[in-house]
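In: Sharing a model that was predicted from the sequence below.
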Amino acid sequence: MWPENWPAFVLFASVQTQWNVSMGGPTGLRYEALYPLLDRETSDPHEWRSLFQDIQVLESAALKQMAENRTET
C-alpha cells in the first residue's frame, strides 16, 4: 500500500461496521458516523475533503465487491 493511502485505509477500517443496509444489502456508509472521525483527523478543509473523497473511493469499491459476492452465492 502506498503511504499516502494509509490514512484513508485506517479511517475506512474504523467505520467498517457503519453501513446502511436495505433488503438488497449494504447501500453505503453512514456518513454521520464518519464525519466526527474525519474532523479528528484534520482541521484543514482541503485535507478533510481529500480524505473524504478517498473514503468514498474505498466505499464504492467495497459496495461493488459486496454486490459481486451476493450474485455468486
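Out: Structure's in. What do you need?

In: how far out from the middle of the chain is stretch 44-52?
Out: Between the centre of stretch 44-52 and the centre of its chain there are 14 Å (Cα atoms, centre = their mean, to the nearest Å).

In: Buried residues, it. List them.
Out: 51-52 (16 or more other Cβ atoms under 10 Å). Just so you know, the C-beta spots here come from the backbone N, C-alpha and C atoms, and that holds for glycine as well.

In: pLDDT on it, on average?
Out: The average pLDDT for stretch 44-52 rounds to 97.

In: what's the answer for stretch 3-16, then?
Out: Stretch 3-16 comes out at a mean pLDDT of 96.

In: in that stretch, what counts as buried?
Out: Neighbour count says stretch 3-16 has 7-8, 11-12, 15 buried, by 16+ other Cβ under 10 Å.

In: swap in stretch 61-73?
Out: 62-63.

In: Go ahead and name everything in contact with it.
Out: 25-28 (Cβ atoms under 8 Å, 6 or more residues apart in numbering).

In: switch to 6 Å and redo it
Out: 25-26 (Cβ atoms under 6 Å, 6 or more residues apart in numbering).

In: Show me the helices in this structure, by range?
Out: In the chain, the helices defined using DSSP state H lie at 6-14, 31-41, 45-72.

In: So which of those is nearest N20?
Out: Among the helices of the chain, helix 31-41 comes nearest to N20, with 9.2 Å by Cβ to Cβ.

In: Distance from that closest one to the middle of the chain?
Out: On Cα atoms, centre = their mean, the centre of helix 31-41 falls 11 Å from that of its chain.

In: how far off helix 45-72 does that helix point, in degrees?
Out: Following axes from the mean of the first three to the mean of the last three Cα atoms, to 10 degrees, one obtains 140 degrees for the angle between helix 31-41 and helix 45-72.

In: Please work out the average pLDDT along helix 31-41.
Out: Mean predicted lDDT for helix 31-41 stands at 97.

In: Pull out the buried positions in it.
Out: 34, 38, 41.

In: tell me what it is packed against?
Out: If you count contacts as 3 or more Cβ pairs under 6 Å, 6 or more residues apart in numbering; DSSP states H and E, helix 31-41 packs onto no helix or strand.

In: No further queries at this time; thank you.
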